[in-house]
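Trainee: need a 3D model of the following:
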Amino acid sequence: MIKLFKYLKKYSLQILVIFGLLILQAFCDLSLPGYTSDIVNTGIQKSGLTSFLPEAIRESEFHKMLLFVGDEEKDTLLDAYTLVHSKEDIPDNARLINESIIEKSSEGIYVLNDTGNREELKDIIIVPMMMIYSMSNNMFPEEQSGVVTDEIRSAITDIPESIKEQMGFAYILAEYEAIGINVDSIQTRYILTAGAKMIALALLAAIVSISVAFMASKIAASLSRELRSRVFHKVMAFSNAEYNQFSTASLITRSTNDVQQVQMLTVMLLRMLLYSPVLAIGGIINVLNTNVDMVWVLAVGVGAILAVVLVLFSTVMPKFRLMQKLVDRINLVTREILAGLPVIRAFSTENHEKKRFDDANTVLKRNQLFVNRVMSCMMPLMMLIMNLITVLIVWVGADYINTGTMQVGDLLAFIQYAMMIIMSFLMISIVSVMLPRASVSAGRIDEILTTKLSINDISNPEKFLADKKGFVEFKHVSFKYPGAEEAVLSDINFVAKPGETTAVIGSTGSGKSTLVNLIPRFFDITEGSILVDGRDIRDVSSKELRDRIGYVPQKGMLFSGTIESNIKYSDENISKEAMERAARIAQANLFIMEKPDQYESEIAQGGDNVSGGQKQRLSIARAIAKNPEIYIFDDSFSALDYKTDITLRKALKEETADSTVIIVAQRVSTILYAEQIVVLDDGAVAGIGTHEELLKTCDVYYQIASSQLSEEELGTKKEGL
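Mentor: Below you'll find the model as predicted:
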């Protein structure tokens, strides 16, 4: 999988932008629990009061406070507060005091100044506020109201900080109500402000998430397109030797299903794997700031998740490796059955083929069911762990709340942070589960991309010789297929010249098609050399070599489109006259003109809507329209009737008067008037000459000819066409 990430280098800037956006999204998500905690702790429990220091206090209450502090602390308080009797005395920083409150008050109001150390004031004022609040609620006997004993002060000091704050805020709220300040409006304003911030953060997180999804999808789709393109272009550069390493079904699966797996994983990596660590680290930092004593609960949850993922990962990994091979297998079986449907029906083997397909389908189904069943356990187990962790947090947190060391809002925030941390590990586990199959797919893609080509152009190809135009020379050529022990062709020597027809004939398996496939360099020869236009085909550009050749394969191959697009396959700019001329020479115009749309008639995939003879004639017309200097016909007349064969060869003889024609044939009648016939026997040249010469000098040729021609035909002298 890592090997394929090199193709993501061009998207480095976009990935950095995604990472930055994910950090912003994590900041938004991690801020929300804090606001939830503030709404509960401050907005609800403290009625929206954010400062522990009363911003306004009645003169009588202020003097009560002074009774519970020392002389030095008394001076500090007097410096921190200003006594207000009229509206002219209201300082600019007094947010809660207005003109109406002053006018209604029967006594002066002390207002908190902007200056001073608020933490120091908090330490000074907390005990007096608790004492006054306690006495007003009959928590201390009235006879102790004028005296502050060391025992009472010590008892208050031992009270948990959260309880102190609750009592202090309760006193402040009571004092504000006594003054005439609208406490409800303070609470409403605080909750609405905090809620608006939460909505803004949520909207921002949503926008960022959508942006990340869009960018990640675009990068993954672009990577997918590039991988498909690279695989396609690499496969197009394959020689027949490389094609033999991979089945067609496997190549299709690697270009589609495997690339799709990599694309899906890339999206998950960019959206989840980059986001999860940021969310987890941020969540842990916030948890430590909330309550360090409960971190062990998270450790238990994360450990349980990792254990589940490890078990699932080790269970399904072998099945993921097998999955793509089984997909290859069912594609192969399906392709064979659909391609061979006429033969299957002819031999009444439908039941056998159905069973073969069902077997492949069943094996794939069982593998997928096993994987899906194992993976279906993942989410319930994860949700169980998350719910158990939530229960454990509430259980432990309730005890902390009861002892006053934790507030309700902090517990809610802790639960949310814990869920975020667990979710981050859950996202990593989801990616880790997808990783095995995608990793297998990536390996299969990389196998194609890193396959070493057996046929490569040299860095400085030579140019063809003009004075040797059309010459094809075999010099001591030998060839054996990759991995084979015995040679298919041995020491082949002959020259095919322009204006002449060179025929290749021999028994089945003698190497005829292999020989002509060496000329366009579909395979590289093992020994010797093949010269085209005076140059070794290994020293020239493969494209320029093949541009000089009009090749008609043994099995006519047509492409989906129209008759016109197939004839103009080599060059869509071929004129209409040249196209029709090629069709006439190939005797294809006879059936083309009978069709309603003529040259615009549709051709199905593989030419399945035309007969074998029509397919061959269109393939021949395609080669003629190219107007090459070398024609190669690999047993391309086998599906033609005798009359059409004779007519076509006569027209072809006139068309190729200046070209080199190499014909592979099974029928002697097809090559009867060739200027040169090469007879192959078990991969070696058994004889070279004309029909008459070979009848006299080559026993192999005589046996082939005598099996097809009558005694009278064997004695016929050559008559030119």
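
Trainee: OK, contacts around Glu527?
Mentor: Counting by Cβ atoms under 8 Å, 6 or more residues apart in numbering, Glu527 touches His476, Val477, Ser478, Phe479. C-beta coordinates here come from the backbone N, C-alpha and C atoms, glycine included.

Trainee: ugh, wrong one, I meant Val477
Mentor: Shown in contact with Val477 (Cβ under 8 Å, 6+ apart): Leu489, Asp491, Ile492, Asn493, Leu518, Ile525, Glu527, Gly528, Ser529, Ile530.

Trainee: just these: which are in strands?
Mentor: Mapping the contacts of Val477 onto strands (DSSP state E) picks out Leu489, Asp491, Ile492, Asn493, Glu527, Gly528, Ser529, Ile530.

Trainee: who does the first one bridge with?
Mentor: Beta-bridge pairing for Leu489 (DSSP bridges): Phe479.

Trainee: correct me if wrong: it contacts Lys512.
Mentor: No - Leu489 lies out of contact with Lys512 (Cβ atoms under 8 Å); the separation is 9.8 Å.

Trainee: backbone phi and psi for the closest residue to Ile620 other than its chain neighbours, please?
Mentor: Leaving out its chain neighbours, the residue that sits closest to Ile620 by Cβ to Cβ, 6 or more residues apart in numbering is Ala586, at 4.1 Å. When read as degrees, to the nearest 10, the backbone of Ala586 gives phi -80, psi 0.

Trainee: what residues are up against Ala586?
Mentor: Applying Cβ under 8 Å, 6+ apart, the residues near Ala586 are Arg617, Leu618, Ile620, Ala621, Ile624, Leu648, Leu652.

Trainee: take those residues and keep only those in helices.
Mentor: Judged by DSSP state H, these include Arg617, Leu618, Ile620, Ala621, Ile624, Leu648, Leu652 as members of helices.

Trainee: report the contact partners of the nearest residue to the first one once chain neighbours are set aside.
Mentor: Yep, that's Arg617 we're talking about. Spatial nearest neighbour of Arg617, excluding adjacent residues (Cβ to Cβ, 6+ apart): Ala588 at 4.0 Å. Going by Cβ under 8 Å, 6+ apart, Ala588 touches Gln614, Arg617, Leu618, Ile620, Ala621.

Trainee: count of residues packed around Leu203?
Mentor: As a burial measure, Leu203 scores 11 neighbours (other Cβ atoms under 10 Å).

Trainee: element containing it, please.
Mentor: Assigned by DSSP states H and E, Leu203 belongs to helix 183-236.

Trainee: same thing with Glu61?
Mentor: Going by DSSP H and E, Glu61 is part of helix 59-66.

Trainee: repeat for Phe522
Mentor: Using DSSP H and E, Phe522 sits in no helix or strand.

Trainee: all strands for the stretch 351-500 of the chain, in order.
Mentor: Applying DSSP state E, counting those that start in this stretch to the stretch 351-500 of the chain gives strands spanning 472-479, 489-496.

Trainee: I'd like those strands as a markdown table, with distance to Lys74 appended.
Mentor: Converted to a markdown table, the strands of the stretch 351-500 of the chain look like this (distance: least, Cβ to Cβ, whole Å):
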| stretch | distance to Lys74 |
| --- | --- |
| strand 472-479 | 111 |
| strand 489-496 | 115 |
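
Trainee: take those strands and lay them out in TSV including distance to Tyr642 and mean pLDDT.
Mentor: Converted to TSV, those look like this (distance: least, Cβ to Cβ, whole Å; pLDDT from 0 to 100):
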stretch	distance to Tyr642	mean pLDDT
strand 472-479	29	90
strand 489-496	26	89
